[in-house]
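Asks: Give me coordinates for this.
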Amino acid sequence: MLPIGVNTWVWVSPLTDGDLAALAPRVAGWGFDVLELPVENPGDWDAGRAADVLAEHGLRASVALVMPPGRELVAASADVVRETQDYLRHVVDVAVRVGAPAIGGPAYSSVGRTWLLSAEERRAAYAELRENLAPVVDYAAERGVRVGVEALNRYETSLVNTVEQALEAIPEHCGIMLDSYHMNIEEKSPAEAVRLAGERVAHIQVCGTDRGAPGDDHFDWKSFIDAVTDIGYSGPLVIESFTAENRTIATAASIWRPLARSQDALATDGLAFLRAL
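Replies: As a prediction, the model looks like this:
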């Protein structure tokens, strides 16, 4: 049985030490195996303290990288690229400290940044991404951490929307992070996209097609999980959704209404469905 996790974004943003101390026992008590910790800004929460809290409650960690405006690895100044690489190395260091085997997210461009690319411009952008991401991937590999690059839907990026594009865009030794929400929008067959990614899959996030609980939607979960099983993935399935109570994150993720009877129910209903599946 695959480990099941949940991202703290279901409840809070940005994460703090206090939030983590309050959430960890609840998440563990519900039966989750993994708590996913976003690194929005270095210093929001202490990795050493987080490691202790997770250990106390028998939870493993996964770590999400975050790409707000100003974090760019393509079509940006050398200073911005360097600062973004430094941020990503910091996320790797955090993952090492909390014992997470992978970091994942759209490690190429800020979320919401879109521009029209010709075929030639896209090839050039992918070449630039491979060059700028490779040192981060190397840094992570030296520390036993995989980098999983996430394809986002067309409304959140114009650069990498599908697994096929991700495979073309990233260095050969870099992993892929799958997200069922984005795959439902962009992939003709999410299950076949999982198989195409194959052993490159470093991490998987899941949620309903409306960003609610997995299972309370129209996604073909059985075929998706069958494909995940077929590729031999053994990492966690992490529920990622967001709270509408935080204005900043609600706007960034377009969460305009409650997606479940409560945020706790979103997590626990999703957990129950995934366990049964």
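Asks: And the lowest mean pLDDT element among the helices and strands of the protein?
Replies: Lowest by mean pLDDT, DSSP states H and E among the helices and strands of the chain is helix 247-253, with a mean of 77.
Asks: Which positions in the helix or strand following it come out as buried?
Replies: Counting by DSSP states H and E, the next helix or strand C-terminal to helix 247-253 is helix 263-276. Using 16 or more other Cβ atoms under 10 Å as the test for burial, helix 263-276 gives 263, 266-274. Bear in mind the C-beta positions are built from the backbone N, C-alpha and C, glycine included.
Asks: which helices and strands sit right next to helix 263-276?
Replies: Counting by 3 or more Cβ pairs under 8 Å, 6 or more residues apart in numbering; DSSP states H and E, the packing neighbours recorded for helix 263-276 are strand 4-7, helix 17-30, strand 237-239.
Asks: Can you list the strands that whichever helix or strand comes after the second one pairs with?
Replies: Right, helix 17-30. Next helix or strand after helix 17-30 toward the C-terminus (DSSP H and E): strand 34-39. According to DSSP bridges, strand 34-39 forms sheet pairs with strand 4-7 (parallel), strand 60-65 (parallel).
Asks: can you list contacts of strand 34-39?
Replies: 3-9, 13-15, 20, 23-24, 27, 45, 50, 54, 59-66, 90-91, 94, 98, 100, 205, 236, 238, 240 (Cβ atoms under 8 Å, 6 or more residues apart in numbering).
Asks: Also stretch 218-225?
Replies: Stretch 218-225 has contacts (Cβ under 8 Å, 6+ apart) with 180, 184, 190-191, 194, 208-209, 214-215, 273, 277.
Asks: ok, the closest residue in space to Ala267 that isn't next to it in sequence - contacts?
Replies: Computed as Cβ to Cβ, 6 or more residues apart in numbering, the closest residue to Ala267 that is not its neighbour in sequence is Val6, at 4.9 Å. The contact partners of Val6, by Cβ under 8 Å, 6+ apart, come to 27, 32, 34-36, 238-240, 267, 270-271.
Asks: and with 10 Å instead?
Replies: When contacts are counted by Cβ atoms under 10 Å, 6 or more residues apart in numbering, Val6 touches 23, 27, 30, 32-36, 62, 206-207, 236-241, 266-268, 270-271.
Asks: separation between it and Asp33?
Replies: According to Cβ to Cβ, to the nearest Å, Val6 and Asp33 sit 10 Å apart.
Asks: what residues are shared contacts of those two?
Replies: Contacts common to Val6 and Asp33, judged by Cβ under 10 Å, 6+ apart, are 27, 236-238, 271.
Asks: Neighbours of the closest residue to Gly198 other than its chain neighbours, how many?
Replies: In this structure, Gly198 finds its nearest non-sequential neighbour in Ile231, 5.1 Å apart by Cβ to Cβ, 6+ apart. By other Cβ atoms under 10 Å, the residues close to Ile231 number 15.
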